[in-house]
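Participant: pasting the structure only:
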């Protein structure tokens, strides 16, 4: 019998809301004004947008109809660790979180920002040259960016599955978010987003859903449903080239279409040793989507069990 | 002034040879016996093949014409660690490596003593921490693509661990391998090795010098450096990346539905390294080994 410590957004009541969690404007180094950027996301079909300028809480002068625009901030560290460049995004921030200059260390940054925002996430680990250990260093962060559009288009460092999985395997409980981190020098708005299952399109409901992991992240594919049974994890998606179930302890699987180029569902019979399993799928355009991890707990293994999986 | 260090296999004398360095047979947990494995690889057009059974140097009789068999093995430690395991592949190996060394350092030292060439296997599958992987500098080669771990648990690509090591200043090349356990894995990940002739010494020499590129499908046709501009030509791809470290690098992508077959990147001197990575429409990738970039005192 498996015990699961995850709420399932696909089995909850509420609205699916499409949101951007990381965006820059002319208030820092972005090239569109807050109103221009909000209008762009509204016109592209987004429901909400967090403005997360560098070390500054940006607000809109006038509301943009049809889009909930919310305040956030992105903060960073000086040259404490020369090979790394820590950035931390806080959502629903207010002016009290801003500081002069940069933080002396990742620790001082997290200690400062964490109590001041309801949701904080570690930005672009691949770009920041952070390891899985770095990602798992702070156990009170809510999420890590598993996809960052700007970092992929800029330096080819958009993904962070390796780092996320290392942190998860070593015991961290981090949601994975897909974000744009748009700066609008090129069209970098709309490459990655979250689909949040929230009780309402309001700041409180969105934050509540984000904190509980009631969302999935995507660059295009849709996840239509995930069901955890006693012995399997099942998923339904929009047409995809492959569906992966990624886990720790050398468990997990990858499912390809039985016939034709695409599949829309997959089932993973649990092996009975996973500490977590997350779903990811890839469409014909190589765009990915990611569920949050399902954290599993198992009865103690019998003494004589052998793993039998040696690659 | 910028100093570039690169063993460039493109344009070097010789020919391209296709090989897989990581293969299991019925001598450990593979499905097919050694001779049938060799025959299948020859049918797929391979020029060389290493059988790398677990803790065992497999010998093969009845090798098909045209296929060079490279003696190899895979050794591991880490049973009991819930997070990470270490597996090391090696070729040109002679008996004497312990089946379960006590630590990565001991394993490494022993493999170094007994093998002509060795590398870190499937970091993502093994859940290796990037900093231990990077700090463990004795290994100068890693797998960046491992076909069976991609097929079985969706953890075949280790780009992030490789880049973490490179960005930290570690000099390390990368292989694509099948790690074949069944016919489903044959022909999924391989290296194209540049050597003047196909014999064991030439293969070991080319491996040590990094005279190869790794691929799960795409071809890299040419890579040149002229006046600090890196140019690459490849088979039809969806994206070309210049991975660089130190917040440099570039990403080139074809318009949706189209392909790209060449790109260039001007080295600024601020990079730690520059490596070329291309990806086709099916998501298959090819990786050139890194060009190392240093700023020299003079001219600053």
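Facilitator: Perfect, I can see it now. Please read these numbers as outputs of a predicted model, since none were measured by experiment. Residues are numbered from 1 along each chain as shown, chains lettered A, B, ... in the order given.

Participant: any idea how far residue B:31 is from residue B:181?
Facilitator: Using CB to CB, to the nearest Å, one gets 6 Å for the distance from residue B:31 to residue B:181. For glycine as for every other residue, the C-beta is placed from the backbone atoms N, C-alpha and C.

Participant: who's more crowded, the two?
Facilitator: When residue B:31 and residue B:181 are compared for neighbours, residue B:181 comes out ahead with 22 against 15, by other CB atoms under 10 Å in any protein chain shown.

Participant: who's residue B:291 bridged to?
Facilitator: Beta-bridge partners for residue B:291, by DSSP bridges, are residue B:274.

Participant: where does the chain dip in pLDDT?
Facilitator: Just so you know, I chose chain A. Along chain A, segments meeting pLDDT under 70 span A:1, A:301-311.

Participant: oops, chain B please
Facilitator: Scanning chain B for pLDDT under 70 picks out B:78-83, B:137, B:298-300.

Participant: tell me where the stretch 101-250 of chain B has helices.
Facilitator: B:104-114, B:123-126, B:130-135, B:147-153, B:159-167, B:200-209 (DSSP state H, counting those that start in this stretch).

Participant: can you list those helices in a markdown table and add distance to chain A and mean neighbour count?
Facilitator: Shown next, in a markdown table, are the helices of the stretch 101-250 of chain B (distance: least, CB to the nearest CB, whole Å; neighbours: other CB atoms under 10 Å in any protein chain shown):
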| stretch | distance to chain A | mean neighbour count |
| --- | --- | --- |
| helix B:104-114 | 15 | 17 |
| helix B:123-126 | 6 | 27 |
| helix B:130-135 | 4 | 20 |
| helix B:147-153 | 4 | 24 |
| helix B:159-167 | 4 | 26 |
| helix B:200-209 | 21 | 18 |
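
Participant: nearest to residue A:31, of those?
Facilitator: helix B:159-167 (27.8 Å; CB to CB).

Participant: any idea how far residue A:188 is from the closest residue to chain B within the stretch 201-311 of chain A?
Facilitator: Of all residues in the stretch 201-311 of chain A, the one sitting closest to chain B is residue A:244 (3.3 Å; CB to the nearest CB). As judged by CB to CB, residue A:244 and residue A:188 stand 26 Å apart.

Participant: please apply the same query to residue B:261.
Facilitator: Distance from residue B:261 to residue A:188, by CB to CB: 25 Å.

Participant: which residue of the two possesses the greater neighbour count?
Facilitator: Applying other CB under 10 Å to residue B:261 and residue A:188 shows that residue A:188 carries more neighbours, namely 22 against 14.

Participant: which positions in the stretch 151-300 of chain A make contact with chain B?
Facilitator: By the rule CB under 8 Å from any CB of the partner chain, the part of the stretch 151-300 of chain A lying against chain B is A:152-157, A:159-163, A:165-166, A:169-170, A:241-242, A:244-254, A:280, A:282, A:285-286.

Participant: quick revisit: which one of the helices of the stretch 101-250 of chain B lies closest to residue B:297?
Facilitator: Closest to residue B:297 of the helices of the stretch 101-250 of chain B is helix B:159-167 (CB to CB; 22.3 Å).

Participant: which strands and helices sit next to that closest one?
Facilitator: Secondary-structure packing of helix B:159-167 (3 or more CB pairs under 8 Å, 6 or more residues apart in numbering or on different chains; DSSP states H and E): helix A:161-169, helix B:123-126, helix B:130-135, strand B:141-146, strand B:239-245, strand B:273-279.

Participant: for the ones you listed, give me TSV that also has distance to residue B:15.
Facilitator: Shown next, in TSV, are the helices and strands packed on helix B:159-167 (distance: least, CB to CB, whole Å):
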stretch	distance to residue B:15
helix A:161-169	35
helix B:123-126	31
helix B:130-135	33
strand B:141-146	22
strand B:239-245	25
strand B:273-279	21
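
Participant: closest one to residue A:83 among the ones you listed?
Facilitator: Residue A:83 lies closest to strand B:239-245 among the helices and strands packed on helix B:159-167, at 8.3 Å (CB to CB).

Participant: not counting its neighbours along the chain, what's nearest residue B:110?
Facilitator: Take residue B:110 and drop its neighbours on the chain: the residue closest to it by CB to CB, 6 or more residues apart in numbering or on different chains is residue B:97, 4.8 Å away.

Participant: same question for residue A:146.
Facilitator: residue A:176 (3.7 Å).

Participant: what do you get for residue A:136?
Facilitator: Nearest in space to residue A:136, with sequence neighbours left out and distances taken as CB to CB, 6+ apart, is residue A:167 at 3.7 Å.

Participant: then residue A:174?
Facilitator: With CB to CB, 6+ apart, the residue lying closest to residue A:174 is residue A:144, at 4.9 Å.

Participant: need phi/psi at the one you found.
Facilitator: When quoted as degrees, to the nearest 10, the phi and psi of residue A:144 stand at phi -130, psi 150.

Participant: what sits against the residue of the stretch 201-311 of chain A closest to chain B?
Facilitator: Taking CB atoms under 8 Å, 6 or more residues apart in numbering or on different chains, we find residue A:244 in contact with A:252-255, A:279-282, B:154.

Participant: report the beta-bridge partners for it.
Facilitator: Residue A:244 has these beta-bridge partners by DSSP bridges: residue A:254, residue A:280.

Participant: by proximity to chain B, which residue of the stretch 1-150 of chain A wins?
Facilitator: residue A:131 (4.0 Å).

Participant: domains of chain A?
Facilitator: A:3-216, A:223-297 (automatic domain parsing).

Participant: got CSV for those domains, with distance to residue B:125 too?
Facilitator: Listed next are the domains of chain A as CSV, based on distance: least, CB to CB, whole Å:
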stretch, distance to residue B:125
domain A:3-216, 11
domain A:223-297, 6
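
Participant: nearest to residue B:209, of those domains?
Facilitator: Of all the domains of chain A, it is domain A:3-216 that lies closest to residue B:209, at 25.8 Å by CB to CB.

Participant: now the end-to-end length of the closest one.
Facilitator: This stretch, domain A:3-216, spans 21 Å end to end (CA to CA, to the nearest Å).

Participant: could you pull up phi and psi at residue B:38?
Facilitator: In terms of degrees, to the nearest 10, the main-chain angles of residue B:38 are phi -60, psi -40.

Participant: show me what contacts it?
Facilitator: Contacts of residue B:38 (CB under 8 Å, 6+ apart): B:49, B:51, B:60, B:62-64, B:67, B:69.

Participant: strands of the stretch 51-200 of chain A, start to end?
Facilitator: Counting by DSSP state E, counting those that start in this stretch, residue ranges of the strands within the stretch 51-200 of chain A are A:68-76, A:87-91, A:119-122, A:143-148, A:175-179, A:193-198.

Participant: for residue B:70, pull up the helix or strand it's in.
Facilitator: For residue B:70, the host element (DSSP states H and E) is strand B:68-77.

Participant: can you state the direction angle for that strand and helix B:200-209?
Facilitator: With axes from the mean of the first three to the mean of the last three CA atoms, to 10 degrees applied, the angle from strand B:68-77 to helix B:200-209 works out at 50 degrees.

Participant: next SSE after strand B:68-77?
Facilitator: strand B:86-91.

Participant: that next one packs against which elements?
Facilitator: Judged by 3+ CB pairs under 8 Å, 6+ apart, the packing partners of strand B:86-91 are strand B:68-77, helix B:104-114, strand B:117-120, helix B:200-209.

Participant: which strands or helices does the longest one pack on?
Facilitator: Pointing back at helix B:104-114 there. Using 3+ CB pairs under 8 Å, 6+ apart, helix B:104-114 is in contact with strand B:68-77, strand B:86-91, strand B:117-120.
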